[in-house]
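K.L.:
Could you work out the structure for the sequence below:
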Amino acid sequence: MGKGGLFDLERHFAFYGAYHSNPVNILIHMLFVWPIFFTSLVLFCFTPPLFIFPNFALMFTLIYALFYVCLDRKAGVLAAFLCLACWVSASMLAKHLGFSLAWKVVLAAQLLCWTGQFIGHGVFEKRAPALLDNLAQAFLMAPFFVLLEALQSLFGYEPYPGFRASVKAKIDAEIKNWQDKKEKKSS
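P.N.:
A predicted model of the protein is given here:
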């Protein structure tokens, strides 16, 4: 079964899923979320040492990786591996490009990815992005959400039996609640 509080995967997944129910918007996020994470790490590679970390990129990576493992051991280990692979690759790319070129590459990639996601929300989802309601949760959950979506779609993965049905019920209730509020505002 699910965990409670900060590590309540059902609650996090339902929150994020309520903002991502359109298949085209989900696909757009699957294409653009991990590049946002990766390019952020490239930029964070240029930060000064922080405590025991050589830069903010490694600290950021480890926080994400550990959080994902705590949410779900199986998918979390895969997500942690992807986070670490992104950090290694971002570190190599940052070293190769140097700051004067890296920030331009990061800016272009971030603009492209964020624009795609906002188009996904505006045109296909017809709902503001989750980050407008809970910035920290949206940023922290986005990479894991799209990975879990892919695992569910491609392999039928569930962290535990009944997860998908439970989350779907919560997502449907949240969407209905949002639609009711939207209808009240317009009347």
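K.L.:
which intervals of this protein have sub-threshold pLDDT?
P.N.:
1-4 (pLDDT under 70).
K.L.:
what kind of secondary structure is the residue most central in space within it in?
P.N.:
The chain has Ala142 as the residue nearest its centroid, 1.1 Å off, counting by Cα atoms, centre = their mean. Classification of Ala142 using DSSP: H, G, I helix; E, B strand; the rest coil returns helix.
K.L.:
Please name the nearest non-neighbouring residue to it.
P.N.:
Nearest non-adjacent residue to Ala142, counting by Cβ to Cβ, 6 or more residues apart in numbering: Val33, 4.7 Å away. No exception for glycine: its C-beta is placed from N, CA and C like everyone else's.
K.L.:
Find the helix or strand that the one you found is a member of.
P.N.:
Here Val33, judged by DSSP states H and E, is contained in helix 23-44.
K.L.:
Show me what the helix or strand following that helix packs onto, helices and strands only.
P.N.:
The helix or strand immediately downstream of helix 23-44 is helix 56-71, counting by DSSP H and E. Helices and strands touching helix 56-71, by 3 or more Cβ pairs under 8 Å, 6 or more residues apart in numbering; DSSP states H and E, are helix 23-44, helix 73-97, helix 135-155.
K.L.:
Now do the buried residues in helix 56-71.
P.N.:
The neighbour-count check on helix 56-71 (16 or more other Cβ atoms under 10 Å) flags Phe56, Ala57, Leu58, Met59, Phe60, Thr61, Tyr64, Ala65, Phe67, Tyr68, Val69, Leu71 as buried.
K.L.:
Export the residues you listed as a markdown table, with columns for distance to Ile26.
P.N.:
Formatted as a markdown table, the buried residues of helix 56-71 follow (distance: Cβ to Cβ, whole Å):
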| residue | distance to Ile26 |
| --- | --- |
| Phe56 | 29 |
| Ala57 | 28 |
| Leu58 | 30 |
| Met59 | 30 |
| Phe60 | 25 |
| Thr61 | 25 |
| Tyr64 | 20 |
| Ala65 | 23 |
| Phe67 | 22 |
| Tyr68 | 19 |
| Val69 | 24 |
| Leu71 | 19 |
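K.L.:
Which of the helices and strands packed on helix 56-71 sits closest to Ser166?
P.N.:
helix 135-155 (13.0 Å; Cβ to Cβ).
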